[in-house]
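Participant: turn this into a structure:
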Amino acid sequence: MELHATDAEAIRTATEDAYFIYKKMSQVIRQAPDETLLDLGFPQKALPFLRMKWLPYETVIGRFDFVQTDEGWKLLEFNADTPTFIRELFDVNGLVCKEFGLHDPNEGKAEELAVAIRNSVFHCARAIGITEHPYVVFTAHADDIEDRETMMYLLRTAQIKGAKFVPLAELQVEEGNGVYDPDGNKIDVVYRHTYPLEALLEDVTDETFPIGIEFMKLVANQKVGMLNPTSAFMLQSKAVMAAIWGMHEQNHPLFTEEEHHKINRIFLPTYLDEEPFLEIGETYVSKPAFGREGDTVEVRKRGKRLFAQKAKTYDHYVKVYQKYVDLPSTTIATEKGKTEAHLLVGSFIVNEKPSAFGVRAGAQITDNLSYFLPCGVKGATEWT
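Facilitator: Below is the predicted model of the structure:
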(Lines give C-alpha, C1' and ligand atoms only; values in the text may rest on other atoms or scores of the structure.)
Protein backbone atom coordinates (compact mmCIF):
# COMPACT_ATOMS: atom_id res chain seq x y z
CA MET A 1 0.00 0.00 0.00
CA GLU A 2 1.46 3.35 -1.06
CA LEU A 3 1.34 6.30 1.32
CA HIS A 4 2.18 9.96 0.92
CA ALA A 5 5.04 11.33 3.00
CA THR A 6 2.54 13.75 4.55
CA ASP A 7 0.50 10.77 5.84
CA ALA A 8 3.53 9.39 7.67
CA GLU A 9 4.25 12.78 9.22
CA ALA A 10 0.63 13.21 10.30
CA ILE A 11 0.51 9.74 11.88
CA ARG A 12 3.68 10.35 13.87
CA THR A 13 2.52 13.80 14.98
CA ALA A 14 -0.80 12.34 16.17
CA THR A 15 1.08 9.56 17.98
CA GLU A 16 3.33 11.95 19.86
CA ASP A 17 0.50 14.35 20.70
CA ALA A 18 -1.77 11.56 21.96
CA TYR A 19 0.98 10.07 24.12
CA PHE A 20 1.74 13.28 25.97
CA ILE A 21 -1.96 13.86 26.60
CA TYR A 22 -2.08 10.38 28.16
CA LYS A 23 1.08 11.05 30.14
CA LYS A 24 -0.38 14.22 31.59
CA MET A 25 -3.56 12.35 32.48
CA SER A 26 -1.49 9.75 34.34
CA GLN A 27 -0.72 12.37 37.01
CA VAL A 28 -4.44 12.68 37.76
CA ILE A 29 -5.02 8.92 37.83
CA ARG A 30 -2.20 8.32 40.32
CA GLN A 31 -3.71 10.85 42.70
CA ALA A 32 -7.26 9.56 42.33
CA PRO A 33 -8.97 7.68 45.20
CA ASP A 34 -9.57 3.96 44.88
CA GLU A 35 -13.28 4.52 44.17
CA THR A 36 -12.43 6.52 41.06
CA LEU A 37 -9.97 3.87 39.89
CA LEU A 38 -12.69 1.23 40.21
CA ASP A 39 -15.03 3.47 38.20
CA LEU A 40 -12.36 3.55 35.49
CA GLY A 41 -12.53 -0.22 35.26
CA PHE A 42 -9.38 -1.20 37.12
CA PRO A 43 -9.66 -4.53 38.96
CA GLN A 44 -9.76 -4.40 42.77
CA LYS A 45 -6.66 -6.60 42.88
CA ALA A 46 -4.70 -4.03 40.87
CA LEU A 47 -5.21 -1.12 43.26
CA PRO A 48 -2.24 -1.81 45.61
CA PHE A 49 0.13 -1.75 42.62
CA LEU A 50 -1.42 0.73 40.21
CA ARG A 51 0.35 3.87 41.41
CA MET A 52 3.87 2.42 41.30
CA LYS A 53 6.29 4.30 39.08
CA TRP A 54 9.96 3.41 38.66
CA LEU A 55 10.66 4.76 35.17
CA PRO A 56 10.55 8.28 33.67
CA TYR A 57 8.18 7.11 30.92
CA GLU A 58 4.77 5.46 31.20
CA THR A 59 5.37 2.62 28.74
CA VAL A 60 8.36 1.15 26.96
CA ILE A 61 6.42 -0.03 23.90
CA GLY A 62 2.84 1.10 23.32
CA ARG A 63 0.62 1.19 20.24
CA PHE A 64 -2.05 3.69 19.24
CA ASP A 65 -4.77 2.64 16.81
CA PHE A 66 -5.85 5.39 14.43
CA VAL A 67 -8.46 5.67 11.69
CA GLN A 68 -8.24 8.14 8.83
CA THR A 69 -11.34 10.34 8.57
CA ASP A 70 -12.37 13.47 6.69
CA GLU A 71 -11.37 15.38 9.83
CA GLY A 72 -7.92 13.82 10.02
CA TRP A 73 -6.49 10.95 12.06
CA LYS A 74 -8.73 9.90 14.95
CA LEU A 75 -7.65 7.76 17.89
CA LEU A 76 -9.69 4.63 18.61
CA GLU A 77 -7.64 3.26 21.50
CA PHE A 78 -4.23 2.96 23.14
CA ASN A 79 -2.69 -0.44 23.82
CA ALA A 80 -0.13 0.83 26.29
CA ASP A 81 0.65 -2.47 28.01
CA THR A 82 0.71 -5.49 25.69
CA PRO A 83 0.77 -4.44 22.02
CA THR A 84 1.64 -6.92 19.29
CA PHE A 85 2.04 -6.19 15.54
CA ILE A 86 5.72 -5.56 16.27
CA ARG A 87 7.68 -7.92 13.99
CA GLU A 88 5.47 -6.99 11.05
CA LEU A 89 6.23 -3.28 11.32
CA PHE A 90 9.79 -3.20 12.62
CA ASP A 91 11.09 -5.99 10.37
CA VAL A 92 8.84 -7.37 7.63
CA ASN A 93 7.55 -4.04 6.32
CA GLY A 94 11.05 -3.05 5.23
CA LEU A 95 11.59 -6.30 3.35
CA VAL A 96 8.35 -5.83 1.40
CA CYS A 97 9.18 -2.20 0.61
CA LYS A 98 12.56 -3.25 -0.75
CA GLU A 99 10.92 -5.85 -2.98
CA PHE A 100 8.53 -3.27 -4.46
CA GLY A 101 10.99 -0.39 -4.69
CA LEU A 102 9.27 1.76 -2.08
CA HIS A 103 10.79 3.63 0.83
CA ASP A 104 10.14 2.03 4.21
CA PRO A 105 8.65 4.64 6.56
CA ASN A 106 9.92 2.49 9.45
CA GLU A 107 13.55 2.45 8.33
CA GLY A 108 15.90 2.55 11.32
CA LYS A 109 13.12 1.99 13.85
CA ALA A 110 14.29 -1.53 14.77
CA GLU A 111 17.64 -0.12 15.88
CA GLU A 112 15.85 2.54 17.94
CA LEU A 113 13.67 -0.19 19.45
CA ALA A 114 16.75 -2.15 20.50
CA VAL A 115 18.25 0.89 22.23
CA ALA A 116 14.95 1.66 23.95
CA ILE A 117 14.59 -1.87 25.33
CA ARG A 118 18.16 -1.90 26.62
CA ASN A 119 17.78 1.52 28.23
CA SER A 120 14.50 0.50 29.85
CA VAL A 121 15.95 -2.71 31.22
CA PHE A 122 18.89 -0.91 32.79
CA HIS A 123 16.70 1.92 34.13
CA CYS A 124 14.45 -0.72 35.66
CA ALA A 125 17.38 -2.61 37.17
CA ARG A 126 18.88 0.54 38.69
CA ALA A 127 15.49 1.52 40.12
CA ILE A 128 15.41 -1.69 42.18
CA GLY A 129 19.01 -1.38 43.33
CA ILE A 130 20.77 -3.66 40.84
CA THR A 131 24.18 -2.11 40.20
CA GLU A 132 25.76 -4.95 38.20
CA HIS A 133 24.67 -6.28 34.81
CA PRO A 134 21.10 -7.56 35.33
CA TYR A 135 19.83 -11.02 34.53
CA VAL A 136 16.90 -10.43 32.19
CA VAL A 137 14.24 -12.94 31.18
CA PHE A 138 11.76 -12.44 28.35
CA THR A 139 8.63 -14.49 28.94
CA ALA A 140 5.33 -15.49 27.35
CA HIS A 141 3.04 -18.50 27.10
CA ALA A 142 5.10 -21.07 25.19
CA ASP A 143 2.06 -22.46 23.37
CA ASP A 144 0.89 -19.08 22.04
CA ILE A 145 2.84 -18.68 18.81
CA GLU A 146 2.23 -14.94 18.38
CA ASP A 147 3.14 -14.08 21.97
CA ARG A 148 6.15 -16.40 22.02
CA GLU A 149 7.56 -15.23 18.71
CA THR A 150 6.98 -11.57 19.59
CA MET A 151 9.06 -12.02 22.72
CA MET A 152 11.73 -13.96 20.84
CA TYR A 153 11.96 -11.11 18.33
CA LEU A 154 12.30 -8.52 21.11
CA LEU A 155 14.97 -10.69 22.76
CA ARG A 156 16.98 -10.96 19.53
CA THR A 157 16.54 -7.28 18.75
CA ALA A 158 17.59 -6.05 22.20
CA GLN A 159 20.81 -8.13 22.28
CA ILE A 160 21.15 -7.92 26.05
CA LYS A 161 24.08 -9.99 27.30
CA GLY A 162 22.92 -13.11 29.15
CA ALA A 163 19.20 -12.50 28.53
CA LYS A 164 17.07 -15.50 27.62
CA PHE A 165 13.51 -16.61 26.95
CA VAL A 166 11.79 -18.62 29.69
CA PRO A 167 8.15 -19.73 29.28
CA LEU A 168 5.74 -18.27 31.82
CA ALA A 169 4.91 -21.69 33.22
CA GLU A 170 8.57 -22.28 34.10
CA LEU A 171 9.09 -19.13 36.16
CA GLN A 172 9.46 -19.83 39.88
CA VAL A 173 7.94 -17.26 42.25
CA GLU A 174 9.15 -17.50 45.84
CA GLU A 175 7.04 -15.50 48.27
CA GLY A 176 9.05 -12.62 49.72
CA ASN A 177 12.29 -13.65 47.99
CA GLY A 178 12.20 -13.26 44.23
CA VAL A 179 11.57 -14.79 40.83
CA TYR A 180 13.79 -17.61 39.56
CA ASP A 181 14.38 -19.49 36.32
CA PRO A 182 14.12 -23.32 36.15
CA ASP A 183 17.81 -23.62 37.08
CA GLY A 184 17.33 -21.62 40.27
CA ASN A 185 18.97 -18.42 39.02
CA LYS A 186 17.43 -15.27 40.48
CA ILE A 187 15.94 -13.01 37.80
CA ASP A 188 16.47 -9.26 38.04
CA VAL A 189 14.07 -8.07 35.33
CA VAL A 190 11.08 -9.92 33.85
CA TYR A 191 9.98 -8.66 30.44
CA ARG A 192 6.34 -9.82 30.13
CA HIS A 193 5.35 -7.67 27.16
CA THR A 194 2.59 -9.96 25.84
CA TYR A 195 1.05 -11.08 29.13
CA PRO A 196 -1.78 -8.75 30.28
CA LEU A 197 -1.46 -7.54 33.85
CA GLU A 198 -5.18 -8.06 34.49
CA ALA A 199 -4.65 -11.76 33.66
CA LEU A 200 -1.47 -11.97 35.74
CA LEU A 201 -3.35 -10.70 38.81
CA GLU A 202 -5.74 -13.65 38.56
CA ASP A 203 -3.04 -16.32 38.20
CA VAL A 204 -2.99 -19.12 40.76
CA THR A 205 -1.10 -22.41 40.80
CA ASP A 206 -2.68 -25.85 41.02
CA GLU A 207 -2.08 -25.62 44.76
CA THR A 208 -4.11 -22.35 44.86
CA PHE A 209 -0.97 -20.28 45.53
CA PRO A 210 -1.78 -16.74 44.22
CA ILE A 211 1.34 -16.61 42.08
CA GLY A 212 0.28 -13.48 40.17
CA ILE A 213 -0.39 -11.40 43.29
CA GLU A 214 2.83 -12.64 44.91
CA PHE A 215 4.76 -11.71 41.77
CA MET A 216 3.32 -8.20 41.93
CA LYS A 217 4.21 -7.95 45.62
CA LEU A 218 7.81 -8.75 44.67
CA VAL A 219 7.68 -5.97 42.07
CA ALA A 220 6.26 -3.54 44.65
CA ASN A 221 9.00 -4.49 47.14
CA GLN A 222 11.70 -4.09 44.47
CA LYS A 223 12.69 -7.76 44.57
CA VAL A 224 12.28 -7.96 40.78
CA GLY A 225 11.79 -5.47 37.96
CA MET A 226 8.95 -5.75 35.46
CA LEU A 227 8.46 -4.42 31.93
CA ASN A 228 6.18 -3.07 30.62
CA PRO A 229 5.76 -1.26 33.97
CA THR A 230 2.47 -0.96 35.87
CA SER A 231 2.11 2.59 34.54
CA ALA A 232 1.54 1.06 31.09
CA PHE A 233 -1.34 -1.00 32.50
CA MET A 234 -2.72 2.15 34.12
CA LEU A 235 -3.06 3.78 30.69
CA GLN A 236 -4.39 0.59 29.07
CA SER A 237 -7.93 1.10 30.36
CA LYS A 238 -10.12 2.57 27.63
CA ALA A 239 -11.92 4.45 30.40
CA VAL A 240 -8.89 6.75 30.51
CA MET A 241 -10.03 8.04 27.12
CA ALA A 242 -13.42 8.85 28.63
CA ALA A 243 -11.72 10.70 31.48
CA ILE A 244 -9.60 12.70 29.04
CA TRP A 245 -12.63 13.59 26.93
CA GLY A 246 -14.68 14.54 29.98
CA MET A 247 -11.98 16.92 31.20
CA HIS A 248 -11.73 18.34 27.70
CA GLU A 249 -15.47 19.03 27.56
CA GLN A 250 -15.18 20.83 30.89
CA ASN A 251 -12.23 22.84 29.55
CA HIS A 252 -10.28 21.59 32.57
CA PRO A 253 -7.14 23.62 33.38
CA LEU A 254 -5.03 20.45 33.56
CA PHE A 255 -4.70 20.82 29.81
CA THR A 256 -3.39 23.94 28.11
CA GLU A 257 -5.32 25.61 25.31
CA GLU A 258 -3.01 23.94 22.80
CA GLU A 259 -3.57 20.53 24.43
CA HIS A 260 -7.34 21.02 24.35
CA HIS A 261 -6.98 21.71 20.64
CA LYS A 262 -5.02 18.48 20.21
CA ILE A 263 -7.62 16.46 22.13
CA ASN A 264 -10.39 17.89 19.96
CA ARG A 265 -8.38 17.11 16.83
CA ILE A 266 -7.30 13.54 17.69
CA PHE A 267 -9.70 12.05 20.24
CA LEU A 268 -13.27 10.90 19.66
CA PRO A 269 -16.10 11.69 22.10
CA THR A 270 -15.91 8.88 24.68
CA TYR A 271 -18.00 8.40 27.84
CA LEU A 272 -18.64 5.97 30.68
CA ASP A 273 -22.34 5.81 29.82
CA GLU A 274 -24.24 5.80 26.54
CA GLU A 275 -26.68 8.59 27.41
CA PRO A 276 -24.90 11.33 25.40
CA PHE A 277 -25.33 9.25 22.23
CA LEU A 278 -28.91 8.22 23.03
CA GLU A 279 -29.91 11.87 23.38
CA ILE A 280 -28.82 12.75 19.84
CA GLY A 281 -29.41 9.40 18.14
CA GLU A 282 -25.77 9.06 17.07
CA THR A 283 -24.14 5.72 16.28
CA TYR A 284 -21.57 4.68 18.87
CA VAL A 285 -19.32 1.82 19.92
CA SER A 286 -19.51 -0.07 23.21
CA LYS A 287 -16.12 -1.40 24.34
CA PRO A 288 -14.86 -3.10 27.51
CA ALA A 289 -12.28 -1.06 29.44
CA PHE A 290 -9.95 -4.04 29.11
CA GLY A 291 -10.36 -6.12 25.99
CA ARG A 292 -8.48 -7.24 22.92
CA GLU A 293 -8.93 -7.96 19.23
CA GLY A 294 -12.48 -6.60 19.00
CA ASP A 295 -13.79 -9.14 21.52
CA THR A 296 -16.98 -7.88 23.29
CA VAL A 297 -17.16 -4.78 21.06
CA GLU A 298 -20.58 -3.70 19.77
CA VAL A 299 -21.70 -0.96 17.38
CA ARG A 300 -25.00 0.50 18.61
CA LYS A 301 -27.59 3.15 17.80
CA ARG A 302 -30.38 4.31 20.12
CA GLY A 303 -29.41 1.50 22.47
CA LYS A 304 -29.85 -1.23 19.85
CA ARG A 305 -27.02 -3.35 18.53
CA LEU A 306 -26.21 -2.87 14.84
CA PHE A 307 -23.38 -5.40 14.66
CA ALA A 308 -20.88 -7.02 17.00
CA GLN A 309 -18.40 -9.81 17.44
CA LYS A 310 -19.80 -13.05 18.81
CA ALA A 311 -17.11 -13.39 21.47
CA LYS A 312 -18.00 -11.90 24.89
CA THR A 313 -14.85 -12.77 26.83
CA TYR A 314 -14.51 -9.34 28.42
CA ASP A 315 -18.17 -8.64 29.19
CA HIS A 316 -17.48 -8.39 32.94
CA TYR A 317 -15.38 -5.24 32.56
CA VAL A 318 -16.64 -1.65 32.77
CA LYS A 319 -17.83 -0.43 29.37
CA VAL A 320 -16.93 2.77 27.57
CA TYR A 321 -18.96 4.34 24.78
CA GLN A 322 -17.21 6.05 21.89
CA LYS A 323 -18.45 7.89 18.82
CA TYR A 324 -18.53 5.52 15.85
CA VAL A 325 -16.46 6.31 12.77
CA ASP A 326 -16.30 4.20 9.62
CA LEU A 327 -13.00 2.53 8.89
CA PRO A 328 -11.95 3.26 5.29
CA SER A 329 -12.12 0.19 3.07
CA THR A 330 -10.24 -1.15 0.09
CA THR A 331 -9.94 -4.35 -1.91
CA ILE A 332 -6.98 -6.55 -0.99
CA ALA A 333 -5.60 -9.74 -2.51
CA THR A 334 -5.42 -12.68 -0.09
CA GLU A 335 -4.67 -16.39 -0.35
CA LYS A 336 -8.45 -16.84 -0.70
CA GLY A 337 -8.78 -14.28 -3.49
CA LYS A 338 -9.76 -10.64 -3.50
CA THR A 339 -11.82 -9.31 -0.61
CA GLU A 340 -12.97 -6.00 0.81
CA ALA A 341 -11.17 -5.02 4.01
CA HIS A 342 -11.37 -2.14 6.46
CA LEU A 343 -8.15 -0.30 7.31
CA LEU A 344 -6.77 0.55 10.73
CA VAL A 345 -3.37 2.11 11.38
CA GLY A 346 -1.31 0.94 14.35
CA SER A 347 1.38 3.41 15.41
CA PHE A 348 3.97 2.65 18.07
CA ILE A 349 5.30 4.93 20.77
CA VAL A 350 8.68 3.70 22.06
CA ASN A 351 10.13 5.38 25.15
CA GLU A 352 8.10 8.52 24.39
CA LYS A 353 9.10 8.75 20.73
CA PRO A 354 6.81 7.98 17.76
CA SER A 355 8.11 4.89 16.04
CA ALA A 356 7.05 2.27 13.49
CA PHE A 357 3.53 2.29 12.10
CA GLY A 358 1.55 0.12 9.72
CA VAL A 359 -1.83 -0.99 8.47
CA ARG A 360 -4.14 -3.83 9.45
CA ALA A 361 -6.90 -4.81 7.04
CA GLY A 362 -9.89 -6.73 8.33
CA ALA A 363 -13.49 -6.59 9.47
CA GLN A 364 -15.43 -3.49 10.51
CA ILE A 365 -14.48 -4.46 14.06
CA THR A 366 -10.79 -5.30 13.80
CA ASP A 367 -10.01 -8.75 15.21
CA ASN A 368 -7.09 -11.17 15.37
CA LEU A 369 -7.91 -12.45 11.87
CA SER A 370 -7.01 -9.15 10.23
CA TYR A 371 -4.30 -9.01 7.57
CA PHE A 372 -1.02 -7.14 7.76
CA LEU A 373 -0.93 -4.71 4.84
CA PRO A 374 2.65 -3.50 4.27
CA CYS A 375 2.99 0.18 3.41
CA GLY A 376 5.67 2.24 1.73
CA VAL A 377 6.24 5.74 0.42
CA LYS A 378 6.95 6.21 -3.26
CA GLY A 379 9.82 8.51 -4.15
CA ALA A 380 10.72 9.41 -0.56
CA THR A 381 14.45 9.52 0.12
CA GLU A 382 14.87 11.29 3.44
CA TRP A 383 13.21 10.78 6.80
CA THR A 384 13.47 12.40 10.18
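Participant: got a list of what Ala311 touches?
Facilitator: When contacts are counted by Cβ atoms under 8 Å, 6 or more residues apart in numbering, Ala311 touches Asp295, Thr296. The way it works is simple: take the backbone N, C-alpha and C, and place the C-beta from them, glycine included.
Participant: repeat that with 6 Å
Facilitator: Ala311 makes contacts with Asp295, as judged by Cβ atoms under 6 Å, 6 or more residues apart in numbering.
Participant: what do you get for Val60?
Facilitator: Contacts for Val60 (Cβ under 6 Å, 6+ apart) come out as Ser120, Leu227, Asn228.
Participant: cutoff 7 Å now
Facilitator: The neighbours of Val60, taking Cβ atoms under 7 Å, 6 or more residues apart in numbering as the test, are Ala116, Ile117, Ser120, Leu227, Asn228, Asn351.
Participant: reformat those as TSV; add distance to Ala289, neighbour count and pLDDT.
Facilitator: What follows is the contacts of Val60, written out as TSV (distance: Cβ to Cβ, whole Å; neighbours: other Cβ atoms under 10 Å; pLDDT from 0 to 100):
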residue	distance to Ala289	neighbour count	pLDDT
Ala116	27	21	98
Ile117	28	26	99
Ser120	26	25	98
Leu227	22	23	98
Asn228	18	26	97
Asn351	25	20	96
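Participant: of those residues, closest to Asp295?
Facilitator: Asn228 (20.7 Å; Cβ to Cβ).
Participant: now do the contacts for that closest one.
Facilitator: Contacts for Asn228 were tallied using Cβ under 7 Å, 6+ apart; they are Thr59, Val60, Ile61, Asp81, His193.
Participant: how much space separates it from Lys304?
Facilitator: 38 Å (Cβ to Cβ, to the nearest Å).
Participant: show me where the stretch 51-200 of the chain has strands.
Facilitator: Defined through DSSP state E, counting those that start in this stretch, the strands belonging to the stretch 51-200 of the chain, from first to last, are 61-69, 72-79, 136-138, 164-165, 172-174, 178-180, 189-191.
Participant: how about low-confidence regions in the stretch 151-300 of the chain?
Facilitator: Residue ranges of the stretch 151-300 of the chain with pLDDT under 70: none are present.
Participant: and if we set it to 80?
Facilitator: Residues of the stretch 151-300 of the chain that meet the criterion pLDDT under 80 lie in 292-294.
Participant: quick check: longest strand of the protein.
Facilitator: Here the longest strand in the chain is taken by residue count, with DSSP state E as the criterion, and it is strand 337-350.
Participant: so what's the nearest residue to Asn351 once chain neighbours are set aside up against?
Facilitator: The shortest distance from Asn351 to any residue other than its chain neighbours is 4.2 Å, reached at Ala116 (Cβ to Cβ, 6 or more residues apart in numbering). For Ala116, the set of contacting residues under the criterion of Cβ under 7 Å, 6+ apart consists of Val60, Val350, Asn351.
Participant: kind regards, and thank you for your time.
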